[in-house]
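> structure, please.
(one chain, ligands or ions: 1)
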Amino acid sequence: MDILITGGAGYIGSHTAIELLNNKRNIIIVDNFSNSKKEVLEKIKEITKKDFKFYEVDYKNEKALDKIFEENNIEAVMNFAGYKAVGESTQKPLEYYENNITGAITLLKVMKKHNVKKFIFSSSATVYGNPEKVPITEESKTGETTNPYGTTKLYIEQILKDLYKSDNTWDIAILRYFNPVGSHESGLIGEEPNGIPNNLMPYIVRVASKSLKELSIFGNDYDTKDGTGVRDYIHVVDLAKGHIKALEKLEKENQGLYIYNLGTGKGYSVLDMVKAFEKATGQKVPYKIVDRRPGDIAICYSDPSKAQKELNWKAEKTLIDMCKDSWKYITRS
Ligand code: UFG
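Now for the predicted structure:
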């Protein structure tokens with residue numbers, strides 16, 4: 001049986017593909033390279049010494065998806081395809097709603113047609129909006145997302161809940177990621193945002209490698225220990241492993257809709273990250289304090305205990321691992 005991975009050449013999809021192959025799973029990758037590179041597929045093969053089927057297809061293309069399901073023996077789908085840049089989503093809301101929501105619906109329709117009902121969805125802590133309290137549990141209130149990207153995640157979660165309500169033979173895992181960073185320990189694959197990065201770690205890495213002059217820290221007047229924003233950074237390999245555990249859960253339970261936070265449960269400030277990166281790599285990260293970034297929240301970190309209890313999954317890598325591996329990817333590529 002095959003596991004279909006949409007967006008499998010992307011940052012989180014490619015790391016999950018590796019973990020699946022390492023777990024002796026057959027995978028099929030679907031990607032249209034809208035925000036990823038073909039070479040990643042070769043790197044996945046190089047790292048795992050395993051082969052897999054690949055289709056260059058846009059996941060909104062119902063006919064092409066239908067053919068993929070006809071040609072293969074698909075057991076479950078992991079959906080990593082989707083636009084993910086918060087800032088860009090405020091400029092291009094229609095493109096974000098169309099790509100993320102139409103894509104998910106198309107995929108689910110084709111799955112339904114072929115009676116494939118195991119679905120793992122990449123959601124995000126962004127669905128919690130500005131949390132009332134931390135740590136955030138899966139029962140914390142969702143809604144009041146601050147940008148179209150976040151709203152696409154919220155809406156797709158709702159679509160999945162409604163789908164499950166209509167037919168409880170579906171088997172769905174919604175995984176709410178906190179802040180994924182780092183890269184595979186080989187340094188062969190990693191995060192490669194187009195243009196100037198929006199996220200903290202890719203920005204720090206570019207400053208350390210001197211392709212950008214200095215980091216702008218967005219505000220030091222938040223109600224946090226040093227005034228800078230606090231987040232729950234999680235190593236992407238730990239995150240990828242969480243998907244394997246979620247798949248095993250769906251295979252074991254065979255019916256249900258499950259929601260899990262995937263985070264470490266620890267909050268680190270922007271200044272903590274700068275210091276950790278300097279310590280881990282020996283590189284300097286010059287920075288200046290600038291105004292707050294609109295839409296940012298002060299603190300966001302998870303209570304990951306539900307995933308630990310029900311999936312037997314726990315993030316294991318340290319902040320130093322996250323920094324070292326992010327740097328390794330940049331210096332190797
Ligand atoms: N930050 C800076 N300077 C930068 C970039 C970020 O100071 O150049 C700060 C932010 O203000 C924030 C922290 O670093 O305090 C983390 O910012 P990121 O942009 O890396 O991450 P966010 O928490 O804002 O957003 C991330 C993902 C979203 C997801 C959200 C909630 O990018 O996809 O977490 O889970 F929706």
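
> quickly find the element holding residue 216.
Assigned by DSSP states H and E, residue 216 belongs to strand 215-218.

> so which residue of this protein comes closest to the ligand?
Closest approach between the chain and the ligand, counting by CB to the nearest ligand atom: residue 229, at 2.2 Å. From N, CA and C alone the C-beta is placed, and that goes for glycine too.

> tell me the pLDDT of that residue.
pLDDT, residue 229: 98.

> same check, this time on the one 5 residues further on
Residue 234 is assigned a pLDDT of 98 by the prediction.

> what does residue 239 give?
Looking at residue 239, its pLDDT stands at 98.

> ok, it touching residue 15?
Yes - if you go by CB atoms under 8 Å, residue 239 and residue 15 touch, sitting 7.2 Å apart.

> average pLDDT across the strand holding residue 216?
pLDDT averaged over strand 215-218 gives 98.

> got it, and stretch 316-323?
For stretch 316-323, the per-residue pLDDT averages 98.

> say whether the ligand is contacted by that stretch.
No - counting by CB under 6 Å from any ligand atom, the ligand has no neighbours in stretch 316-323; the shortest distance is 12.2 Å.

> who does the strand holding residue 216 touch, helix- and strand-wise?
With contacts defined as 3 or more CB pairs under 8 Å, 6 or more residues apart in numbering; DSSP states H and E, the packing partners of strand 215-218 are helix 200-208, helix 270-281, strand 287-290.

> what sits up against the second one?
When you say that, I think you mean helix 270-281. With CB atoms under 8 Å, 6 or more residues apart in numbering as the test, helix 270-281 has contacts from 200-201, 204, 208, 215, 217-218, 226, 228-229, 233, 268, 283-285, 287, 319-320, 322-324, 326-327.

> how about it as PDB, C-alpha atoms only?
Coordinates of each C-alpha in helix 270-281 appear next as PDB, following Å, rounded to 0.1, in the frame of the first residue of the first chain:
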ATOM      1  CA  VAL A 270      13.900  36.000  19.600                       C
ATOM      2  CA  LEU A 271      16.900  36.900  21.700                       C
ATOM      3  CA  ASP A 272      17.200  33.300  23.000                       C
ATOM      4  CA  MET A 273      17.200  32.200  19.400                       C
ATOM      5  CA  VAL A 274      20.000  34.600  18.400                       C
ATOM      6  CA  LYS A 275      22.100  33.600  21.400                       C
ATOM      7  CA  ALA A 276      21.500  29.900  20.800                       C
ATOM      8  CA  PHE A 277      22.400  30.200  17.100                       C
ATOM      9  CA  GLU A 278      25.600  32.100  17.900                       C
ATOM     10  CA  LYS A 279      26.500  29.400  20.500                       C
ATOM     11  CA  ALA A 280      25.700  26.500  18.200                       C
ATOM     12  CA  THR A 281      27.500  27.800  15.100                       C
END
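
> let me know the angle separating it from helix 200-208.
Orientation of helix 270-281 against helix 200-208 (axes from the mean of the first three to the mean of the last three CA atoms, to 10 degrees) gives an angle of 50 degrees.

> and helix 270-281, which residues are buried?
Neighbour counts over helix 270-281 (16 or more other CB atoms under 10 Å) mark 270-274, 276-277, 280-281 as buried.

> confirm residue 127 sits in a helix?
Yes - assigned with DSSP: H, G, I helix; E, B strand; the rest coil, residue 127 falls within a helix.

> check what pLDDT it gets.
In this model, residue 127 carries a pLDDT of 98.

> now the end-to-end length of stretch 226-236.
26 Å (CA to CA, to the nearest Å).

> so how far is it off the chain centroid?
Mean C-alpha position of stretch 226-236 versus that of the full chain (CA atoms, centre = their mean, to the nearest Å) differs by 15 Å.
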